[in-house]
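Peer 1: for reference, the sequence and a predicted model appear below.
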Amino acid sequence: MTDQEYMLVSKRLGFRMLQEHDLQNLMRLDMNREVRTFFPGGVSTPEKLREKIIRSHTSFLEKGFGEFSITDLKTNEFLGRAGFAELNNGEVEVGYLLLKEYWGKGIATEALSALLDWAGKALEIPRILAYAPIDHHASIGVMKKAGMRYLKTEPGHGIECIFYEYPLKPGDTPAKF
């Protein structure tokens, strides 16, 4: 795959919209119990993943954002998925999920940083939110390293979560941790 086929490129990663041919990779990712440890709904199903691909395409068309497949630029290996979704209250959240073999290599931080940078250029919204269960220390660390700032602690999807924000308005620079 060439850089021109990606919607976004960072130092090591290529991001493109989820496609139907990503289904097998998404199944490896989203049907893995260890990878989905901190998701209250547990593992996904092939049907839900097909719906996710369709929802993501619709979201890109209607709102200008959705989910990306993350690929290693050198090896073309599928690493995971990341992107944006609209919450019930109209706010936009960013999320990321990597195959276990890519944990602890700085990929999540690079991916989140690239997505936040892209959002600042491509989206006309005041901020991006991210959240994780209070005991998901790795994900909380990623949010901090990417420059997000603490917002609040409250239930999310029925479990206690820590919420972070990343302001996108000009002149409102997020705190660095």
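Peer 2: Nice, I can see it. Numbers count the residues shown, from 1 in each chain.
Peer 1: top helix in this structure by residue count?
Peer 2: helix 46-63 (DSSP state H).
Peer 1: same for it, what does it pack against?
Peer 2: Contacts defined by 3 or more CB pairs under 8 Å, 6 or more residues apart in numbering; DSSP states H and E place helix 46-63 against strand 13-17, helix 23-30, strand 67-72, strand 78-86. C-betas here are computed from N, CA, C, even on glycine.
Peer 1: what about 7 Å?
Peer 2: strand 13-17, helix 23-30 (3 or more CB pairs under 7 Å, 6 or more residues apart in numbering; DSSP states H and E).
Peer 1: a helix runs through residue 111, doesn't it?
Peer 2: Yes: when classified by DSSP: H, G, I helix; E, B strand; the rest coil, residue 111 is found to be part of a helix.
Peer 1: where in this protein is pLDDT low?
Peer 2: The model of the chain has pLDDT under 70 over residues 1-4, 40, 170-177.
Peer 1: swap the cut-off to 90 and go again
Peer 2: For the chain, residues meeting the criterion pLDDT under 90 lie at 1-5, 30-44, 88, 156-159, 169-177.
Peer 1: coming back round to it: so what touches the longest helix of the chain?
Peer 2: Helix 46-63 has contacts (CB atoms under 7 Å, 6 or more residues apart in numbering) with 17-20, 22-23, 26-27, 30, 65-67, 83, 86.
Peer 1: neighbour count added to these, as TSV?
Peer 2: TSV is the format used below for those (neighbours: other CB atoms under 10 Å):
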residue	neighbour count
17	17
18	23
19	11
20	9
22	22
23	15
26	23
27	15
30	20
65	22
66	22
67	25
83	26
86	15
